[in-house]
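Engineer: build me a model from this:
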Amino acid sequence: MAAYIALVGIPIFFQLFLSKRIETKHKGRKVSVTLVVFFLLLFILLSCRSVKVGVDLENYIPWFQRISKTPWKEIFTVVEGIEPGYIVLNKLISIFSDNPQFFLTVIALITVFPLAIL
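Structural biologist: Numbering: from 1, shown residues only. Okay, here's the model as predicted:
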């Protein structure tokens, strides 16, 4: 619970006390340090969470481990009812590592980074 309070509290602190002092521009756009801090903390929280946290990971982690051990020729037959793109994503991630924590980190990056650059 403390992690979620920090996820909200630290950016609020930045906004209230430090936003006037810290301003930066990137490619001609004004960048909010508060948003950078929020998305960085969100990424860290999502990528460092335990593989036992969350009901959804009870399915995703075994699927990832099964897909990572399956040859490319057979990846679409190993688990039924999963989108082909998600299977390919799992297989591509497993090329670099079959560690479930690495899987969570890549998924967190894919999820958080596009939102952060909006």
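Engineer: what's the top helix by length along the chain in contact with?
Structural biologist: Once the chain is assigned using DSSP state H, the helix that runs over the most residues is helix 100-117. Residues outside helix 100-117 that contact it (Cβ atoms under 8 Å, 6 or more residues apart in numbering) are 35-36, 39, 42-43, 46-49, 51, 57, 60-61, 64-65, 90, 93-94, 96-97. Placement of C-beta: from N, CA and C, glycine included.
Engineer: recalculate using a threshold of 6 Å.
Structural biologist: 39, 42-43, 46-47, 51, 61, 64, 93 (Cβ atoms under 6 Å, 6 or more residues apart in numbering).
Engineer: count the neighbours of residue 85 for me.
Structural biologist: By other Cβ atoms under 10 Å, 8 other residues sit near residue 85.
Engineer: distance of it from residue 104?
Structural biologist: In this view, residue 85 and residue 104 are 18 Å apart by Cβ to Cβ, to the nearest Å.
Engineer: that older thread, give the buried residues for the longest helix of the chain.
Structural biologist: Across helix 100-117, burial judged by 16 or more other Cβ atoms under 10 Å covers 100, 103-108, 112.
Engineer: ok, those residues vs residue 80, which is closest?
Structural biologist: residue 103 (20.3 Å; Cβ to Cβ).
Engineer: so what's the closest one scoring on pLDDT?
Structural biologist: We have a pLDDT of 95 for residue 103.
Engineer: report the separation between it and residue 51.
Structural biologist: 9 Å.
Engineer: give me the common contacts of the two.
Structural biologist: Counting by Cβ under 6 Å, 6+ apart, residue 103 and residue 51 have no common neighbour.
Engineer: just give me the neighbour total for residue 12.
Structural biologist: So residue 12, with other Cβ under 10 Å, has 11 neighbours.
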